[in-house]
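In: Give me the fold of what follows.
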Amino acid sequence: MPVRPVVATALGAAALLCAAVGPAVADPSELITVDPVGRIASDGTVTLSGTYRCTGGTGPVLVSSSLSQADTRLKHGIGGGTARCDGAEHRWQNSGKVSGEALKAGAARVEATLTELRPSGIVLLPAFHAMTSQDITLTQE
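Out: Residues are numbered from 1 along each chain as shown. Sure, this is the predicted structure:
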């Protein structure tokens, strides 16, 4: 099975469970950053990047990102990937194409999250390692 559907399914399940269980408290040494400039290709593919640091992951840890323009209530998921929680700082980069709405070069708001899916009985419960929200500029490639 391709990675993107698995990541999207896992993040969707985590979001649903968050409403029921609430977020876990993150270690203050853990962080995620977003680079101030993102890229948008001529085919509409958006690439976002930054750095992260996390420790003590016992389940899979995912780096997710979303982007909004104009209407900040409308968020577009931009890719996702796995993280290594070894206490060192690592780079992340997510790419994705938004269907149904054209994004354009200019101001945007990015939210990035490090979410661990911890086993709890027969379900995986989300535990947040780090979250951030930042204004960026999308530049045309």
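In: Just the strands from the protein, written as ranges.
Out: In the chain, strands defined by DSSP state E lie at 31-32, 37-40, 45-53, 61-68, 76-82, 90-97, 106-120, 123-140, listed in chain order.
In: For the shortest one, which helices and strands make contact with it?
Out: Right, the one you point to is strand 31-32. Counting contacts by 3 or more C-beta pairs under 8 Å, 6 or more residues apart in numbering; DSSP states H and E, strand 31-32 packs against strand 45-53, strand 106-120, strand 123-140. The way it works is simple: take the backbone N, C-alpha and C, and place the C-beta from them, glycine included.
In: Specify the stretch among those strands that is closest to residue 88.
Out: Of all the helices and strands packed on strand 31-32, it is strand 45-53 that lies closest to residue 88, at 6.8 Å by C-beta to C-beta.
In: how far off strand 106-120 does the closest one point, in degrees?
Out: Our comparison of strand 45-53 with strand 106-120, counting by axes from the mean of the first three to the mean of the last three C-alpha atoms, to 10 degrees, yields an angle of 50 degrees.
In: so what's residue 107 up against?
Out: By C-beta atoms under 8 Å, 6 or more residues apart in numbering, residue 107 lies in contact with 69, 135, 136, 137, 138.
In: Isn't the first one up against residue 104?
Out: What it means is residue 69. Yes - with contact defined as C-beta atoms under 8 Å, residue 69 counts as touching residue 104 (7.3 Å).
In: Now do the shared contacts for these two.
Out: Each of residue 138 lies in contact with both residue 69 and residue 104 under the rule C-beta under 8 Å, 6+ apart.
In: what about those two, which has more around it?
Out: Higher neighbour count among residue 69 and residue 104: residue 69, with 18 against 12, using other C-beta atoms under 10 Å.
In: Excluding chain neighbours, what is closest to that one?
Out: Spatial nearest neighbour of residue 69, excluding adjacent residues (C-beta to C-beta, 6 or more residues apart in numbering): residue 108 at 4.9 Å.
In: ok so, going back, could you work out which of the helices and strands packed on strand 31-32 reaches nearest to residue 95?
Out: Nearest of these (C-beta to C-beta): strand 45-53, 4.5 Å.
In: any idea how far the residue positioned nearest the centre of the chain lies from residue 131?
Out: Compute the mean C-alpha point of the chain, and by C-alpha atoms, centre = their mean the closest residue is residue 64, 1.5 Å away. Going from residue 64 to residue 131 by C-beta to C-beta, to the nearest Å gives 10 Å.
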